[in-house]
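Peer 1: Here you go, sequence then predicted model.
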Number of protein chains: 2
Amino acid sequence: MDIAMIDAAATRLAGHALRTPLLHAPGLDAIAGRRVLVKAECLQHTGSFKFRGGWSAISALAPEARARGVLAYSSGNHAQGVARAALAHGVPAVILMPSDAPRAKIDGTRALEAEVILYDRATQDRDALGDALAADRGLTLVRPFDEPQVIAGQGTTGLEIAEQAAQAGVTEAEVLVCCGGGGLTSGIALALEARAPAFTVRPVEPEGFDDTARSLASGRIERNAAGSGGLCDAILTPAPGDITFPIMRRLCGPGIVVSDEDALRAMAAAFRHLRIVAEPGGAVALAAALFHGAALNADAVIVTVSGGNVDPEVFSRALDRGI
Amino acid sequence: MDIAMIDAAATRLAGHALRTPLLHAPGLDAIAGRRVLVKAECLQHTGSFKFRGGWSAISALAPEARARGVLAYSSGNHAQGVARAALAHGVPAVILMPSDAPRAKIDGTRALEAEVILYDRATQDRDALGDALAADRGLTLVRPFDEPQVIAGQGTTGLEIAEQAAQAGVTEAEVLVCCGGGGLTSGIALALEARAPAFTVRPVEPEGFDDTARSLASGRIERNAAGSGGLCDAILTPAPGDITFPIMRRLCGPGIVVSDEDALRAMAAAFRHLRIVAEPGGAVALAAALFHGAALNADAVIVTVSGGNVDPEVFSRALDRGI
């Protein structure tokens, strides 16, 4: 994993991924007490940064492997990112989704012409199912985060942050990244190491799922006690990855942990001040910037709003917070 | 009014206004039955295209006049656009707002350090009040739409549409524009006449406030019966302007009229498929694309989502529509 892989991914993504805007608003700066810049990846195709990694991985395959198609496990954003990238490449995508995944995400993935195969979390072994499918049809598995070409694709977000921050006159900042398995965090950290070395990347996680913060503190991979729960479904991974963790350990500052309530209030602030739709897991970095200022050091923070696929009911709950 | 004025405004706006993205989503194309591209001006500073016109007008003033400050009448988006542009220029802004304007818009304008003067619509003459203030303090009035430098600023949206549509491979399209007094519509029409002459601009208005559609049909300026009402507060102007109407008459196709219910459903679709926040008046063009396909001719439509300043209660109502 190096900056050359991220640059190569950026070349493959050019004209296909959206160069998302870096937004700001005086009202957010006032809440945070410092300058806040928001990389709005909720505006990316399929509503999250996951499209970048999906496109990067599929476009990097050898033509014969690509033609046979790809396989992904996901209940949400990774599924849609891979499905849309496969559709645009004209190759099959098979997505294994738990049968209790949100209806909207299953429908959204099917609308992108992926073959969705549902499995029962309690009684079926997802990996065995996937291995059999891959062997049977010659599909290539696209892992959600612990996969170099996926990390390279997510890292293109960091290239854009470096360029857009420079245009905005920001030369020193903490970059807060919503963190699940660490694909986006490690990709951005690698990109900024090369292009904006004065920036420090800080992973942000929800309470109860702070595996990365604890791993960074202890120096080894720590796991979460719970497997699911809470509102931030997009970033509830069990532990940082074998590839992503060493990168984060080398390059990132300490993790920050926020509550679901903080995430909801950040969603309301993004609605009011930026007119973007954030999902809970996509709002934790903004929540850290707005409500955890004591954990920050820099005069400017750059936050990812990493996804915006949220049920209307949850969004309305956030609006009731009335920021 | 010509393209040179719009190009000059674009030069003054460069690095200050956001180049908003041109978004698209397979789910919207499926609803519309044609290709839909969305110019997301709700992401512009202050949450609407009005920032462009405010910046254009203030930056075009002679330095002495600019230093004395500007005056605007507005209950909403124009107020915030002018206030923020004045703040960034370091000059005073006085905004006359009706005392029954939405609290959030009054607070939002004050947060931008404008001097807000409230007047009673029933008992006070706004224009006389404004004239006295302007004479007393040497302020320059920035009209909301019937003002060449304001039209030139809004027209920069059209320059970006021409460039971004070309990048997306769209060479023929109908361009649907949310239309109040016609500043945005006429500005975009002038820009596209020069830069994308195969595009046809179509104004879109809410039912009961279809002054522009009727004026285009009759060939002279027609007025609305009602002065206010309905959800689309941003575009409830009494009649097209003396400057904007001749431009629209020369360059635009027939107007399209949509219901408030259509606008709410379009807001829900923008939430789900694009993850942007549209206000009702900013969603009428998308509503026309999605629900009034029979009124359209082109295989591709480009729509402006012109603003996103909406109360949480109204937004939650839209989400209940469940697109």
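Peer 2: Sure, I can see it. Numbering: from 1, shown residues only, chains lettered A, B, ... in the order given.
Peer 1: check contacts around the residue of the stretch 101-250 of chain A found nearest chain B.
Peer 2: Of all residues in the stretch 101-250 of chain A, A:Ala111 sits closest to chain B, at 6.2 Å by Cβ to the nearest Cβ. C-beta here means a position set from N, CA and C on the backbone, and glycine is covered the same way. Neighbouring residues of A:Ala111 by Cβ atoms under 8 Å, 6 or more residues apart in numbering or on different chains: B:Pro26, B:Gly27, B:Ala30.
Peer 1: Surely the first one is in contact with A:Ala114?
Peer 2: Looking back up the chat, that one is B:Pro26. No: counting by Cβ atoms under 8 Å, B:Pro26 sits too far from A:Ala114 to count as a contact (12.0 Å).
Peer 1: Between these two, which has more neighbouring residues?
Peer 2: A:Ala114 (24 against 18; other Cβ atoms under 10 Å in any protein chain shown).
Peer 1: How many residues are close by the residue lying closest to that one once chain neighbours are set aside?
Peer 2: Spatial nearest neighbour of A:Ala114, excluding adjacent residues (Cβ to Cβ, 6 or more residues apart in numbering or on different chains): A:Ala83 at 3.7 Å. Neighbour count of A:Ala83, defined by other Cβ under 10 Å: 28.
Peer 1: quick one: what helix or strand has A:Ala83 in it?
Peer 2: helix A:77-89 (DSSP states H and E).
Peer 1: for the record, mean pLDDT for the following helix or strand past that helix?
Peer 2: Tracing the chain C-terminally past helix A:77-89 and defining elements by DSSP H and E, one meets strand A:93-98 next. Average pLDDT, strand A:93-98: 93.
Peer 1: Could you do stretch A:148-168 as well?
Peer 2: In this model, stretch A:148-168 has a mean pLDDT of 98.
Peer 1: How about the residue of the stretch 1-150 of chain A found nearest chain B, nearest residue that isn't a chain neighbour?
Peer 2: Using Cβ to the nearest Cβ, the closest approach of the stretch 1-150 of chain A to chain B is made by A:Cys42 at 4.5 Å. Nearest non-adjacent residue to A:Cys42, counting by Cβ to Cβ, 6+ apart: A:Gly308, 3.0 Å away.
Peer 1: same question, A:Gly187
Peer 2: Closest to A:Gly187 by Cβ to Cβ, 6+ apart is A:Gly155, at 3.1 Å.
Peer 1: can you pull the contacts of the one you found?
Peer 2: Shown in contact with A:Gly155 (Cβ under 8 Å, 6+ apart): A:Met5, A:Ile6, A:Ala9, A:Ser186, A:Gly187, A:Ile188, A:Leu190, A:Ala191.
Peer 1: Swap in 10 Å and give it another go.
Peer 2: A:Gly155 makes contacts with A:1, A:3, A:5-7, A:9-10, A:52-53, A:56, A:183-192, A:194, A:247, as judged by Cβ atoms under 10 Å, 6 or more residues apart in numbering or on different chains.
Peer 1: Please apply the same query to A:Val94.
Peer 2: A:Val94 sits next to A:69-72, A:82-83, A:86, A:114-117, A:130, A:133-134, A:137, A:139, A:141 when contact means Cβ under 10 Å, 6+ apart.
Peer 1: swap in A:Pro144?
Peer 2: Applying Cβ under 10 Å, 6+ apart to A:Pro144 gives the contacts A:50, A:53-54, A:72-74, A:76-79, A:81-82, A:150, A:180-181, A:183, A:237, A:241.
Peer 1: so what are the domain limits for chain A?
Peer 2: Domain segmentation of chain A under automatic domain parsing yields A:3-49+A:147-319, A:51-141.
Peer 1: thinking again about what came up before, in terms of pLDDT, where does the residue of the stretch 1-150 of chain A closest to chain B sit?
Peer 2: pLDDT for A:Cys42: 98.
Peer 1: neighbours of it, just the number please.
Peer 2: By other Cβ under 10 Å, neighbour count at A:Cys42 equals 28.
Peer 1: Go through the helix or strand of chain A with the lowest mean pLDDT and flag the buried ones.
Peer 2: When the helices and strands of chain A are scored by mean pLDDT, DSSP states H and E, helix A:103-111 comes last with a mean of 85. For helix A:103-111, burial by neighbour count (16 or more other Cβ atoms under 10 Å in any protein chain shown) applies to A:Lys105, A:Ile106, A:Gly108, A:Thr109, A:Ala111.
Peer 1: next structured bit after the helix or strand A:Arg249 falls within?
Peer 2: For A:Arg249, the host element (DSSP H and E) is helix A:244-251. Counting by DSSP H and E, the next helix or strand C-terminal to helix A:244-251 is strand A:256-258.
Peer 1: Tell me how far that next one lies from the chain's centre.
Peer 2: In terms of Cα atoms, centre = their mean, to the nearest Å, the centre of strand A:256-258 is set 16 Å apart from its chain centre.
Peer 1: and if you look at stretch A:132-148?
Peer 2: 19 Å.
Peer 1: hmm, back to that, okay, and which of the contacts of A:Gly155 map to strands?
Peer 2: Assignment to strands by DSSP state E places none of those there.
Peer 1: Mind checking which of those residues are buried?
Peer 2: Among those, the ones that count as buried by 16+ other Cβ under 10 Å are A:1, A:3, A:5-7, A:9-10, A:52-53, A:56, A:183-192, A:194, A:247.
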